[in-house]
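Student: For reference, the sequence and a predicted model appear below.
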Amino acid sequence: MGRIINIGNKLDREPRFLVVDKDHKYKVDCRKNTVIQFMELADQIDNDTNVTDSTKAMDDGIKMLIGEAAFKELEAMELNFDEWQWIFKAVTAVAMNKNLEDADADFREGEGKQ
């Protein structure tokens, strides 16, 4: 019989969520193609010195991962800019299956490139 490698226990097929508070929980799209597109946007943010363009890319990335309706809900909360950055870091962490501290460190590292 040929060699068999079972990776069933390595695959996490459970949906992933961003929880903002007790009333706001959003499913994050962690599919491969979505995350690749998101990573391209994240690179744009890292390399863009124009605050308006990088902020728009950040918004586009959040929309990509949680959807337009969820994005609008969050935007309606009128969060501070630093809170909005935490939303971005958190959806990044969920999509990339990282912990929040690692996503924050990656974000800070990207800020240093500018």
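Tutor: Received it, and whenever you're ready, just let me know what you need. Residues are numbered from 1 along each chain as shown.
Student: buried ones in the lowest-mean-pLDDT helix or strand in the chain?
Tutor: Sorting the helices and strands of the chain by mean pLDDT, DSSP states H and E puts helix 100-112 at the bottom, at a mean of 79. For helix 100-112, burial by neighbour count (16 or more other Cβ atoms under 10 Å) applies to Ala103, Asp104, Asp106, Phe107. Quick note: C-beta positions are derived from backbone N, CA and C, even for glycine.
Student: wait, the third one sits on Thr92?
Tutor: Yes - here Asp106 lies in contact with Thr92, judged by Cβ atoms under 8 Å, at a distance of 7.5 Å.
Student: list the residues that contact both of these two?
Tutor: Residues within reach of Asp106 and of Thr92 at once, by Cβ atoms under 8 Å, 6 or more residues apart in numbering, are Lys98.
Student: CA-only coordinates of the least confident helix or strand of the chain in CSV, if you can.
Tutor: The C-alpha trace of helix 100-112 is given here as CSV (Å, rounded to 0.1, in the frame of the first residue of the first chain):
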residue,chain,number,x,y,z
LEU,A,100,-3.0,39.9,18.5
GLU,A,101,0.4,40.7,20.0
ASP,A,102,2.2,39.3,16.9
ALA,A,103,-0.1,41.3,14.5
ASP,A,104,0.6,44.4,16.6
ALA,A,105,4.3,43.9,16.3
ASP,A,106,4.1,43.3,12.6
PHE,A,107,2.1,46.6,12.3
ARG,A,108,4.6,48.5,14.3
GLU,A,109,7.4,47.1,12.2
GLY,A,110,5.6,48.3,9.1
GLU,A,111,5.3,51.8,10.6
GLY,A,112,9.0,51.9,11.0
